[in-house]
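Visitor: Pasting the sequence and the predicted coordinates here, then a few questions.
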Amino acid sequence: MIKKPMKFFIIAGEPSGEFHGGNLINSIKNIIPYSSFIGHGGNTMEKAGMHVYEHTDNLAIMGFMEVIKHLPRMFKILNKTVKIIEKEKPDRIILIDYPGFNLRLAKKLVNLNIPITYFILPQAWAWKENRVETMKQVLDQALSIFPFEKNWYESRGLTVNYIGHPLIDTLHITESSGSFYNKHNLNTQEPLLLLMPGSRQQEIDRHWPIFLNTIEILSKQIPKLQIIIGKSPYVTIANIPSNCKVEFDCRKAMIFATAAIVASGTATLECAVENTPMVVCYKLSSLSWGIAKLYTKIRYSSIVNLIANNRIVPELLQTNMTAENIALEITPLLNKQSRIRNNMVSDLNKIKDKIGPSGVYNRAALAIIKKHPKTYKNSVI
């Protein structure tokens, strides 16, 4: 029995986080109808019913120098957020990823005694391990989406509930390959290469010129190669060749692509879930890369390789991200008879098994609501 609705303040500062935030809101509403949602996020969260104070377009920043450049504006938003929360007095605050902002905010909110859930935890296992100490002081609840995180965090004193990765919940597209290919005037008999240069404009600006050079090399090697670009609606891509198609539903493009060249990030795990062989790339500014190398403690950049604890997809980072290197790695993946491609598909299948069964958003919503015994009682999903 549910006694009363709740008020949530939710913060997601990036496109991938706000997508998960929207789905989490819907799951909470299914358990406690008429609950209210306010905070920072994007279109998906707004569509789910949240009143958005700051849009992700104004919050998403990538790279050390870029963060420094925008610090005055971000501190202004931070202080404004504290005032909004003091006024609104939500029942619970839910932080989604975006640790640079969210953990600073959490420290400022300690005296308000509002319980805080962190959904999609900071990747402290990669760098800034000292964030764990802050998390232990300010969090009421930590919900993990990666199978290796629970042991890592709990060995450092933070209790964590592993709920599985929400990408496993995303429904497969029911559109047939024939329909998809016809829509884009493609040939089902020829290889289709998916390009995913990133979801932030900064990523596009660094990656796209290299992708263009890669297209030129591959088009000479594979004359009948078809190319489709998975484009975020929040970015601008200039100089798109006439032989390239554009698809805004990136997940759909993954399903039908033969192989993909993907900027390191959430998209790599999406490709894994859809069994799309891939080459992972990424490039930062020289200074940002130097700082990352100095402080990062992990063996791999791609979350796919991190979950597997093995190099199952190629990673071409910084100076290794050249058109020649990308073309060399992607070519065998465009041949469906290739042993390299088939081995990768088999390994990607194992990744899906590791990230848990479906129902992740429901498990997250229920775990959050169970933290409020006066609001929640004997409800089942």
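Guide: Nice, thanks for sending it over.

Visitor: where does the protein have low pLDDT?
Guide: Applying pLDDT under 70 to the chain flags the ranges 1-3, 60-71, 171-174, 289, 291-297, 373-381.

Visitor: tell me the domain boundaries of it?
Guide: Domains of the chain are assigned by automatic domain parsing as 7-164+356-369, 177-354.

Visitor: end-to-end on the shortest one?
Guide: Read that as domain 7-164+356-369. Using Cα to Cα, to the nearest Å, one end of domain 7-164+356-369 lies 11 Å from the other.

Visitor: circling back: T170 is nearest to which of the domains of the chain?
Guide: Nearest of those to T170, taken as Cβ to Cβ: domain 177-354 at 6.5 Å. Where you see a C-beta, it was placed from the backbone N, CA and C, and this is true even at glycine.

Visitor: quick one on the thing from earlier: want to throw the domains of the chain into TSV with mean neighbour count?
Guide: Below are the domains of the chain laid out as TSV (neighbours: other Cβ atoms under 10 Å):
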stretch	mean neighbour count
domain 7-164+356-369	19
domain 177-354	18
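
Visitor: As JSON lines, those with distance to T170 would be great.
Guide: Below are the domains of the chain laid out as JSON lines (distance: least, Cβ to Cβ, whole Å):
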{"stretch": "domain 7-164+356-369", "distance to T170": "9"}
{"stretch": "domain 177-354", "distance to T170": "6"}
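
Visitor: show me where the stretch 201-350 of the chain has strands.
Guide: Residue ranges of the strands in the stretch 201-350 of the chain, as given by DSSP state E, counting those that start in this stretch, are 226-230, 244-247, 259-263, 278-282, 315-317.

Visitor: so which of those strands comes closest to Y361?
Guide: Nearest to Y361, of all the strands of the stretch 201-350 of the chain, is strand 226-230, at 23.1 Å by Cβ to Cβ.

Visitor: which residues are contacting the closest one?
Guide: Strand 226-230 has contacts (Cβ atoms under 8 Å, 6 or more residues apart in numbering) with 184, 186-187, 190-197, 215, 237, 240-241, 243-247, 250, 253-254, 257, 260, 267.

Visitor: Equivalent analysis for stretch 6-13, please.
Guide: In contact with stretch 6-13 (Cβ under 8 Å, 6+ apart) are residues 18, 20-21, 24-25, 28, 32, 35-42, 45, 50, 56, 59-60, 81, 84-85, 88-98, 101-102, 105, 369, 372, 375.

Visitor: before we move on, the earlier item: okay, and which of the contacts of strand 226-230 map to helices?
Guide: 215, 250, 253-254, 267 (DSSP state H).
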